[in-house]
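In: Using only what follows, build the 3D model:
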Amino acid sequence: MTDTHAHLDFLAPEELEEVRAHLGELRAVLTLGVDPARWGKTLELAQGNVYAAVGLHPTSAHLLSPEVEEALGHYARHPRVRAVGETGLDYHWTPETRAAQFRALDFQAALAQALGLPLVLHVRSRDGKAEEDLAGWLLAHRPPRVVLHAFSGHPALVGAGLAVGAYFSFAGPLTYRKNQALREVLRQLPPDRLLVETDTPFLPPEPHRGKRNRPHYVRHTLAKLAEVLGLDYGEAERLTDGNAEGLFRFAA
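Out: Here you go, the predicted structure:
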């Protein structure tokens, strides 16, 4: 299994010990540092089959400055880094920083392209406006390798994502009983653009809802993906592992 999106730096020491005990069950884990205070710790954790991404989360976009741009460019060139992000748009928590979010998104997209790295995108809003804005941004900018993290199935992002060849990464919500609409969207997507993730310690899948997530819980999301697509578990594992390797080049 490959967990293509986790935040191991959010875990307490005892939680990290549990994660390390299960790392042998996973082909790779991508852990993402989402603001300047977390980039160093994220790179410390990127050992063995754990790799890193660094970026400025949209809720921290107001921190962007020439100094932060220079620091992010430095960290993004580390040999264990496999992506830039997560960046994107978040009108749920910080709608007042919309303009700053677009500036941070544009900078990180340019950095990812300059370094030949994938760009990991976050999007969240109460009314779908951030999803619509991000869809418009995707169609205007057409980044060459992009991941729609914790994909929610928003119709505008389905269309834009397909148009630009995005990867669609599914997290714990795919397993939730009332989320049949998301499972219907999954059936419409190209198999070679599907990924699975945990967003550890957030978005735990069934049967762990209400608890803090772990990378090895990705098995539950993978099992649901297999069920929805009519694959056996091993086929789904080979599919998503292969997609993740082709995108993030963990073996390089």
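
In: Parallel or antiparallel, list what pairs with the longest strand along the chain.
Out: Using DSSP state E to define each element, the chain has its longest strand at strand 81-90. Each strand paired with strand 81-90, and its direction, by DSSP bridges: strand 50-54 (parallel), strand 119-124 (parallel).

In: for it, the distance to its chain's centre please.
Out: In terms of C-alpha atoms, centre = their mean, to the nearest Å, the centre of strand 81-90 is set 7 Å apart from its chain centre.

In: averaged over its residues, what pLDDT does it have?
Out: Average pLDDT, strand 81-90: 98.

In: can you check stretch 173-192 too?
Out: Stretch 173-192 carries an average pLDDT of 98.

In: hmm, who's touching it?
Out: Contact with stretch 173-192 is made by 150-153, 158, 162, 168, 170, 194, 203, 205-206, 209, 220-221, 224-225, 228-229, 239, 243, as judged by C-beta atoms under 8 Å, 6 or more residues apart in numbering. Backbone N, C-alpha and C define where each C-beta goes, glycine included.

In: can you give me the end-to-end distance of it?
Out: With C-alpha to C-alpha, to the nearest Å applied, stretch 173-192 spans 21 Å between its terminal residues.

In: So for that stretch, what gets flagged as buried?
Out: 173, 174, 175, 179, 182, 183, 185, 186, 189 (16 or more other C-beta atoms under 10 Å).

In: got the phi/psi numbers for the first one?
Out: Residue 173 has phi and psi values of phi -60, psi -20 when expressed as degrees, to the nearest 10.

In: how near is it to residue 112?
Out: 26 Å (C-beta to C-beta, to the nearest Å).

In: now swap in the fifth one and tell me
Out: Taking C-beta to C-beta as the criterion, residue 182 is separated from residue 112 by 27 Å.

In: With the second one instead?
Out: Remark: distance between residue 174 and residue 112 (C-beta to C-beta) = 26 Å.

In: which residues touch residue 199?
Out: By C-beta under 8 Å, 6+ apart, the residues touching residue 199 are 5, 6, 7, 149, 150, 171, 172, 213.

In: can you give me the strands for the stretch 101-250 of the chain?
Out: For the stretch 101-250 of the chain, the strands defined by DSSP state E, counting those that start in this stretch occupy 119-124, 146-148, 167-170, 194-196.

In: Count residues in the vicinity of the residue nearest to residue 104 when sequence neighbours are not counted, would you?
Out: Excluding the flanking residues, the one nearest residue 104 by C-beta to C-beta, 6 or more residues apart in numbering is residue 61, at 3.9 Å. Neighbour count of residue 61, defined by other C-beta atoms under 10 Å: 25.

In: didn't residue 232 look like it was pressed against residue 226?
Out: Yes: counting by C-beta atoms under 8 Å, residue 226 is a contact partner of residue 232 at 6.5 Å.

In: which one of those two has more residues nearby?
Out: Remark: of residue 232 and residue 226, residue 226 carries more neighbours, 19 against 9, as counted by other C-beta under 10 Å.

In: burial of the closest residue to the more buried one other than its chain neighbours, as a residue count?
Out: Leaving aside its sequence neighbours, residue 226 sits nearest to residue 236 (C-beta to C-beta, 6+ apart; 3.6 Å). Using other C-beta under 10 Å, residue 236 has 24 other residues around it.

In: ok, residue 236 - contacts?
Out: When contacts are counted by C-beta under 8 Å, 6+ apart, residue 236 touches 222, 223, 225, 226, 229.

In: if I look at the second one, how far off is residue 100?
Out: So the one you mean is residue 223. Separation of residue 223 from residue 100 (C-beta to C-beta) stands at 39 Å.
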